[in-house]
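# Need a 3D model of the sequence below.
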Amino acid sequence: MKRILLASLLLTASASSFATAPGGPGCGWGNMLFEGQRGLPSHLVASITNGTSGNATFGMTSGTNGCSTDGALQYNGKSMLVLGSIMTELSEDMAMGEGEALTTYAVVLGIKPEDRAHFASVTQAHFDEIFSSADVTAEQVHAATLAVLKADARLAQYVEQA
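Residues are numbered from 1 along each chain as shown. Below is the predicted model of the structure:
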């Protein structure tokens with residue numbers, strides 16, 4: 001059951017890690033009506049306008065309404081859901097330098113398969129920095145991991161995409 005949950009979370013995080021706004025950042029009547037405005041209310045009303053009228057979907061299929069499907073989708077958030085759910089397993093795996101949770105974390109961070117053994121050894125060597133206390137949060141572990149990766153010449157390339 002734990003493997004199914006980890007796989008589901010990993011697939012969700014992996015799929016959304018490549019996720020620009022569908023149709024592009026200026027897609028739909030809502031974006032046209034509220035062009036240049038900032039803030040949560042404007043974004044919400046633009047999103048509701050696009051969603052309830054279906055014009056963004058039409059725009060993507062017809063190439064109108066400022067919509068395009070040429071660009072790659074992006075997701076700029078962090079996958080804390082995955083990390084938060086495997087903290088205990090991750091700390092154990094990182095201390096040993098191997099394991100499913102450590103591999104899952106490497107995949108979520110975008111570490112290529114050929115660099116995962118190096119990732120495991122580097123994070124094991126810096127375990128005390130990454131898991132600095134017994135009550136460390138997922139956000140603190142993530143920030144500390146990125147700091148360790150940034151200091152490593154081979155793994156620094158992954159900091160920008162994480």
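# Going by C-alpha atoms from here, please, whenever you check contacts or count neighbours.
Noted.
# May I ask which helix or strand encompasses residue 119?
Using DSSP states H and E, residue 119 maps to helix 116-125.
# what do you get for residue 84?
Assigned by DSSP H and E, residue 84 falls in helix 80-85.
# ok, then the element right after that helix?
That would be, after helix 80-85 and using DSSP H and E, helix 87-96.
# May I have the residues that are in contact with residue 124?
Going by CA atoms under 8 Å, 6 or more residues apart in numbering, residue 124 touches 94-97.
# So which of the residues you listed wins on neighbours?
residue 94 (24 neighbours; other CA atoms under 10 Å).
# Surely it touches residue 127?
Yes - counting by CA atoms under 8 Å, residue 127 is a contact partner of residue 94 at 6.7 Å.
# just checking, what packs against the helix or strand harbouring residue 107?
Taking DSSP H and E as the criterion, residue 107 maps to helix 100-108. With contacts defined as 3 or more CA pairs under 8 Å, 6 or more residues apart in numbering; DSSP states H and E, helix 100-108 has these neighbours: helix 2-17, helix 87-96, helix 116-125.
# Next secondary structure after the last one?
Per DSSP H and E, helix 116-125 leads on to helix 127-130 as the next helix or strand towards the C-terminus.
# would you put the C-alpha positions of that following helix in PDB?
Taking Å, rounded to 0.1, in the frame of the first residue of the first chain, the C-alpha atoms of helix 127-130 are listed here in PDB:
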ATOM      1  CA  PHE A 127      22.600  14.200   6.700                       C
ATOM      2  CA  ASP A 128      23.200  16.300   9.800                       C
ATOM      3  CA  GLU A 129      22.800  19.500   7.800                       C
ATOM      4  CA  ILE A 130      19.700  18.400   6.000                       C
END
